[in-house]
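[1] Build the 3D model from these lines:
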Amino acid sequence: MIAHGLTLFGPVQEPKDQASDLNFNQVEVSDDQVPELETYEACDGTKLSYRHYSSEADQVLILLHGSGYHSRYLAPLANHLAEAGVATVYTPNFRGHGPNPENRGQINYIGQLEDDLDDLIDEVEVEYPDTEIILGGHSSGGGTVIRYAGGDPAHDLAGYLLIAPYIHHDSDVYNSESGWANVSLPRMIGLSMLNQVGLSYLNGQSVISFNMPEAYRDGTETLRYDYRLQTSMHPRSDYQSDIDGLDKDTLVVAGSDDQSFHADAYEDVFALNDLVDVRVIEGLSHFGVLRDQEAQELMSEWLAE
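    Predicted coordinates for the structure are as follows:
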């Protein structure tokens with residue numbers, strides 16, 4: 001009966017092959033920029049993948065990717081930071097993402113990404129004992145960082161780096177006209193209501209799809225998310241409480257021409273947390289902020305300090 005009701009709410013739209021203003025050409029990187037994938041074992045025995053950019057730095061940055069793709073596109077920034085000697089960088093692929101995930105676009109329960117992240121941090125601490133770890137993320141990866149900080153972190157981190165972070169669809173940062181996502185609001189609302197009364201068995205329903213043009217698809221993209229994954233990659237509904245959880249020095253970097261979010265609203269969203277420094281760089285796009293020299297130097301200097 002409930003499942004039939006969700007069907008009546010309508011299916012999630014198919015991902016569109018649309019000409020978008022999101023500059024997907026800035027996602028492309030050459031093979032020689034990208035290290036081979038390595039794996040670590042999560043607590044449930046699943047092998048999850050990551051890329052490792054080594055340096056002589058005395059700190060590690062774990063940098064999380066955004067929605068729809070995987071860690072490969074973070075290579076320009078990760079290479080810059082490692083080569084500048086300010087951080088050894090890990091760029092994990094979220095569960096359900098990457099070249100060959102077990103279940104693309106799906107996870108097993110809400111909060112599993114945070115548990116996976118704890119498992120990766122455990123691995124990093126073994127590899128780099130007595131080294132400070134900073135957690136960072138771009139777009140929805142930044143949203144995941146905020147969610148992690150606002151939860152019950154198992155590790156004491158040294159700081160947070162948020163690059164054009166997703167906040168919440170109710171925040172002033174959110175741009176509903178970006179053209180990136182097709183959200184089934186009836187399904188999201190219906191499943192949220194069911195979860196509030198303890199019913200979670202329908203959380204494997206797809207609730208969102210992403211519009212990546214065919215020209216930039218290579219079979220490794222993840223263009224549909226179930227409710228569990230979509231929920232786990234973003235701050236909670238009380239996103240200000242999660243923002244309050246950023247209890248160490250935090251840098252927010254975004255471009256003034258970000259097509260996904262209203263970058264001029266970040267200042268107000270983070271205003272109540274004195275540990276957060278917001279920098280909006282003129283003329284940069286959502287992906288351009290990862291490649292621009294000024295933005296890269298800003299992040300390098302912050303990490304070096």
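
[2] quick one: secondary structure of Asp122?
    helix (DSSP: H, G, I helix; E, B strand; the rest coil).

[3] Over to Arg72?
    When classified by three-state DSSP, Arg72 comes out as helix.

[4] how many neighbours does it have?
    Counted with other CB atoms under 10 Å, residues neighbouring Arg72 total 21. All C-beta spots, glycine's among them, are computed from the backbone N, C-alpha and C.

[5] Tell me if I'm right that it and Ser30 touch.
    No. Using CB atoms under 8 Å, Arg72 is not in contact with Ser30, being 10.5 Å away.

[6] joint contacts of these two?
    Here Arg72 and Ser30 have no joint contacts, going by CB atoms under 8 Å, 6 or more residues apart in numbering.

[7] what does the model give Asn23 for pLDDT?
    The confidence metric pLDDT takes the value 77 at Asn23.

[8] my bad, should have said Ala19
    What the model reports as pLDDT for Ala19 is 51.

[9] and what of Val34?
    95.

[10] ok, for it, nearest residue in space, not its chain neighbours?
    Of all residues not flanking Val34 in the chain, Ala75 sits nearest, at 4.8 Å (CB to CB, 6 or more residues apart in numbering).

[11] which helices and strands does the helix or strand that contains that neighbour pack with?
    Per DSSP states H and E: Ala75 is located in helix 75-83. Packed against helix 75-83 by the contact rule (3 or more CB pairs under 8 Å, 6 or more residues apart in numbering; DSSP states H and E) you find strand 47-53, strand 59-64, strand 88-92, helix 293-304.

[12] Do me a favour and average the pLDDT over the second one.
    It refers to strand 59-64. On average, strand 59-64 scores 98.

[13] Helix, strand, or coil at the closest residue to Pro213 other than its chain neighbours?
    Nearest non-adjacent residue to Pro213, counting by CB to CB, 6+ apart: Asp17, 5.5 Å away. Counting by three-state DSSP, the backbone at Asp17 sits in coil.

[14] quick one: the helices in this protein?
    When secondary structure is read from DSSP state H, the chain shows helices at 2-8, 75-83, 112-127, 140-150, 185-196, 227-232, 239-244, 266-269, 293-304.

[15] what's the pLDDT at Ile2?
    Here, the pLDDT recorded for Ile2 equals 48.

[16] before we move on, what about the one 5 residues further on?
    Looking at Thr7, its pLDDT stands at 53.

[17] how about Pro165, what does it touch?
    Pro165 neighbours (CB under 8 Å, 6+ apart): Gly137, His138, Ser139, Gly141, Gly142, Gly143, Val145, Ile146, Val252, Ala254.

[18] Reformat those into CSV and put pLDDT, distance to Val173 and neighbour count next to each item.
    Supplementary listing: the contacts of Pro165 in CSV, determined by pLDDT from 0 to 100; distance: CB to CB, whole Å; neighbours: other CB atoms under 10 Å:
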residue, pLDDT, distance to Val173, neighbour count
Gly137, 98, 15, 28
His138, 98, 14, 27
Ser139, 97, 11, 27
Gly141, 98, 15, 28
Gly142, 98, 11, 30
Gly143, 98, 10, 25
Val145, 98, 15, 29
Ile146, 98, 11, 28
Val252, 98, 10, 22
Ala254, 98, 9, 28
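
[19] Tell me the one of those residues nearest Gln26?
    His138 (11.7 Å; CB to CB).

[20] ok, now how distant is Pro235 from Asn211?
    Look at Pro235 and Asn211: by CB to CB, to the nearest Å, they are 23 Å apart.

[21] More neighbours: which of these two?
    For Pro235 versus Asn211, neighbours defined as other CB under 10 Å are more numerous around Pro235 (26 against 20).

[22] what about the more buried one, distance to Gly143?
    Distance of Pro235 to Gly143, given as CB to CB: 6 Å.

[23] cool, Gln26 as well?
    20 Å.
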